[in-house]
Each structure stands twice: as C-alpha cells, then as structure tokens.
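Trainee: Got a predicted structure here, sequence first:
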Amino acid sequence: MKAWLCNALGQGPDGLVLSDIEAPLPGPGEVAIRVGACGINFADGLLLEGRYQAQPTVPFVPGLEVAGTVVALGTGVTSFRVGDRVIAMTGQGGYGEIALAPASRTVALPDEIGWVEGAAFPIAYGTSHLGLAHRARLQPGETLLVLGASGGVGLTAVELGKLMGARVIAVANGAAKCAVAAGAGADETIDSSAEDLVERLRALVGPAGVDVIYDPVGGALFDAGLKVAAFEARVLLIGFASGDVPRIAANRLLVKNVDVIGFYWGAYGERRPEVMADSFRTLIGWWQEGRLRPHISDVVPLERAPEGLKQVLERRSTGKVVIEMGR
C-alpha cells in the first residue's frame with residue numbers, strides 16, 4: 001500500500017516520504033481499516049517533531065483519525081465485522097491506505113455520513129465535548145471564552161458551547177476567521193490582531209467575568225483570558241499552538257478560586273474508555289439530528305498530505321483539513 005513515512009523526527013512535513021509498504025495486520029483487539037479519509041491535526045506536526053505527549057518510534061505513518069471500511073479483524077474483536085463503515089482514533093497510520101485501530105476506539109459511522117465529514121469528526125468534536133462537559137463542567141447560561149476559535153478544536157468548542165446553552169465569545173486572528181467563528185454560533189467575536197483583547201473582554205463581560213476559558217493556544221492569549229476570569233472560573237488547557245507554554249502565578253488563581261484544568265483527550269481512550277464512549281454516543285446523536293456541522297476548509301488527496309499539514313501548522317486553515325483517498 002501507499003503511505004507517508006516519517007523516517008526521522010525533527011524534519012516536519014518536508015521529511016515525509018511517500019512509500020510503498022506492506023499493509024499492516026491487526027493484532028489482538030484491533031481492526032484494520034481501508035481509509036476513506038483522514039483528518040489532519042496540529043498534533044501530527046508535533047509528532048513529526050518529537051514534541052507530542054506520546055513519542056512515536058520511527059519509522060511511522062502519521063494520522064490520528066480516520067473514516068473508512070473494516071477489512072480485517074484481530075483476535076477477540078466481536079463488535080465489528082468486515083465491511084462495516086467506521087470512524088476510528090488510530091494513534092498513527094492515517095496517512096496511508098490501510099490503518100490499524102483498537103476496536104475500543106472505533107465507532108460505527110452512519111450510512112448517511114461521508115468519509116470526509118466522518119474523518120473531520122472524532123478528535124475535534126471529541127476533544128471539545130469531553131473537555132467542556134466532563135472537565136470544565138460548562139453549564140447553560142455561563143459565559144465561555146474560546147481562544148483560537150477558528151481552528152480545528154476551537155471551532156467545535158464554539159459550536160458545542162452554544163449547543164450546550166452558553167454565551168460564547170470567540171477570539172480569532174483576523175476578520176475572516178472571526179466570521180467563521182460567528183458562523184459556528186459565537187455570540188461575540190474578537191479579532192486578536194486588531195483589538196486589545198483584555199479591554200474588549202472587559203467591555204463585554206463587565207465585573208462578572210468569564211466562567212470557562214477554552215485554550216488551545218497558550219501564550220499571551222492565556223494571560224489575557226486569565227485577567228477576566230470570573231469567581232470560580234475554569235480554565236481548560238487544550239494545547240499550546242502558539243509555542244508558548246504559560247507560567248501561572250498561583251496567587252492569581254487563589255484570589256478568585258480559579259481552576260486551571262489540564263486536558264489530554266487521548267488519555268481517555270486508555271484510562272477511561274467508558275467516558276470517551278459515552279461522549280461519542282452523545283455527539284453522534286447530535287450529529288444525526290443535524291445539530292453539528294463539521295467545518296472543512298480544504299480536502300487534499302493522499303499525494304498532497306504534507307501540503308495539507310502545512311496549512312494546519314501555519315494556521316492558514318479554518319476548522320479541519322482532510323486527506324481523501326482516491327481523490
């Protein structure tokens with residue numbers, strides 16, 4: 001099969017090599033999936049650089065989430081059959097024609113949902129829903145501040161926050177990205193490239209402050225958000241796309257009883273799979289009801305996968321970029 005191989009860490013997308021390799025065979029508890037489409041994530045770039053939470057062994061094929069058809073079952077798998085349409089969290093392998101996934105991280109894909117839309121779904125929506133509902137305990141009527149609101153996870157946080165009954169303030173870089181966030185349901189948008197973030201936030205929320213801060217960016221945006229945190233606010237740390245991991249003055253947390261919550265969604269697949277499964281049941285139900293609309297800014301063929309990844313890493317995309325096989 002064809003797949004993009006990373007043979008050495010630290011070279012980024014330019015270090016990927018399109019190769020002919022043996023198709024992987026599923027081990028116990030795994031399924032093999034003929035990939036119809038693969039979602040591209042910021043974490044793919046971190047993996048290539050060796051800077052992700054879990055370090056891969058080279059050579060490896062990147063690609064954390066796929067939609068496709070089950071083509072083989074490992075021993076002990078009874079929840080799927082060959083021919084089933086699924087979405088799956090693969091951990092790696094999605095930038096190839098066949099990928100392996102644990103059956104416990106594989107979910108049936110309804111017939112009416114296509115490969116591209118399916119591949120855009122698992123990580124972005126899964127991260128935002130589990131983060132907001134399970135970790136940050138977002139409640140109807142609260143104010144949610146979403147930083148990096150036009151990106152893959154940020155845009156789903158806007159959409160889900162609104163669906164969960166919050167007032168959503170979205171921060172994005174540039175008027176066009178703010179418009180995308182507004183289209184996902186944001187009540188207010190702030191252009192971080194043109195406005196003083198703290199001043200505008202204070203004008204919007206007043207002394208009441210912001211109840212939940214969803215932060216996949218870090219750096220200066222984190223500092224600005226913390227300045228307008230409400231009493232008993234929850235700050236949800238998703239990642240540090242800015243490259244700047246903030247240092248937190250603990251006295252600022254003490255004064256307003258603020259919670260800063262670390263959140264690595266992928267850990268739930270291993271340590272609390274029942275929590276992840278329950279989240280997916282909720283999300284797929286909303287999806288089938290037409291209440292979720294994945295935003296896909298570009299679809300690229302397998303041969304152009306590194307170009308798609310560069311779009312994400314350089315923050316030129318909005319929502320998701322997806323690799324479609326056979327395109």
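Mentor: That came in fine, so what should we check first? Numbers count the residues shown, from 1 in each chain.
Trainee: What values do phi and psi take at Val299?
Mentor: phi -130, psi 130 (degrees, to the nearest 10).
Trainee: Skipping adjacent residues, who's closest to Ile33 in space?
Mentor: Distance criterion C-beta to C-beta, 6 or more residues apart in numbering; nearest residue to Ile33, sequence neighbours excluded, is Gly68 at 4.3 Å. Every residue, glycine included, has its C-beta placed from N, CA and C.
Trainee: which residues in the stretch 101-250 of the chain form strands?
Mentor: 106-108, 143-146, 167-172, 188-191, 210-215, 229-237 (DSSP state E, counting those that start in this stretch).
Trainee: deepest of those strands, which one?
Mentor: Mean neighbours per residue, mean count of other C-beta atoms under 10 Å, is largest over the strands of the stretch 101-250 of the chain for strand 143-146, with a mean of 30.
Trainee: still on that earlier bit, which SSE is the residue nearest to Ile33 in?
Mentor: Secondary structure assignment for Gly68, by DSSP states H and E: strand 65-73.
Trainee: buried residues in that strand?
Mentor: Glu65, Val66, Ala67, Gly68, Thr69, Val70, Ala72, Leu73 (16 or more other C-beta atoms under 10 Å).
Trainee: Give the full set of residues in contact with the fourth one.
Mentor: Put plainly, it is Gly68. Gly68 makes contact with Ile33, Arg34, Val35, Gly36, Ala37, Arg85, Val86, Ala88, Ala99, Trp115, Met325 under the criterion C-beta atoms under 8 Å, 6 or more residues apart in numbering.
Trainee: same question, the third one
Mentor: If a contact means C-beta under 8 Å, 6+ apart, then Ala67 has 35-38, 85-88, 109, 114-119, 121 as its contacts.
Trainee: rewinding a little: who does the strand holding Gly68 pair with, and is each partner parallel or antiparallel?
Mentor: Next to strand 65-73 in the sheet, as set by DSSP bridges, lie strand 30-40 (antiparallel), strand 85-89 (antiparallel).
Trainee: now that strand: mean pLDDT?
Mentor: Here strand 65-73 scores 98 as its mean pLDDT.
Trainee: ok, now stretch 201-218?
Mentor: pLDDT averaged over stretch 201-218 gives 96.
Trainee: what's the neighbour count on Asp111?
Mentor: 7 (other C-beta atoms under 10 Å).
Trainee: Make sure it is actually in contact with Thr69.
Mentor: No - with contact defined as C-beta atoms under 8 Å, Asp111 does not count as touching Thr69 (11.9 Å).
Trainee: Mind listing the shared neighbours of the two?
Mentor: Common neighbours of Asp111 and Thr69 (C-beta under 8 Å, 6+ apart) are Arg85.
Trainee: So which bits of the lowest-mean-pLDDT helix or strand in the chain are buried?
Mentor: Across the helices and strands of the chain, mean pLDDT, DSSP states H and E gives its lowest value to helix 267-271, namely a mean of 86. Buried residues in helix 267-271, counted by 16+ other C-beta under 10 Å: Tyr268, Gly269.
Trainee: From the centroid of this protein, which residue is nearest?
Mentor: In the chain, the residue lying closest to the centroid (C-alpha atoms, centre = their mean) is Ala124, at 3.0 Å.
Trainee: Find me the pLDDT at it, would you?
Mentor: Ala124 is given a pLDDT of 94.
Trainee: In terms of pLDDT, where does Pro28 sit?
Mentor: On pLDDT, Pro28 comes in at 98.
Trainee: How is this structure partitioned into domains?
Mentor: The chain resolves into domains spanning 2-121+294-324, 124-262 when parsed by automatic domain parsing.
Trainee: would you list those domains in JSON lines and tack on distance to Met276?
Mentor: Formatted as JSON lines, the domains of the chain follow (distance: least, C-beta to C-beta, whole Å):
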{"stretch": "domain 2-121+294-324", "distance to Met276": "8"}
{"stretch": "domain 124-262", "distance to Met276": "7"}
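Trainee: re earlier: so which of the strands of the stretch 101-250 of the chain comes closest to Ile284?
Mentor: Nearest to Ile284 among the strands of the stretch 101-250 of the chain is strand 106-108 (7.0 Å), distances taken as C-beta to C-beta.
Trainee: so the residue lying closest to Gly96 once chain neighbours are set aside is in which element?
Mentor: Distances taken as C-beta to C-beta, 6+ apart place Ala3 nearest to Gly96, at 2.9 Å, with adjacent residues excluded. Following DSSP H and E, one finds Ala3 within strand 2-6.
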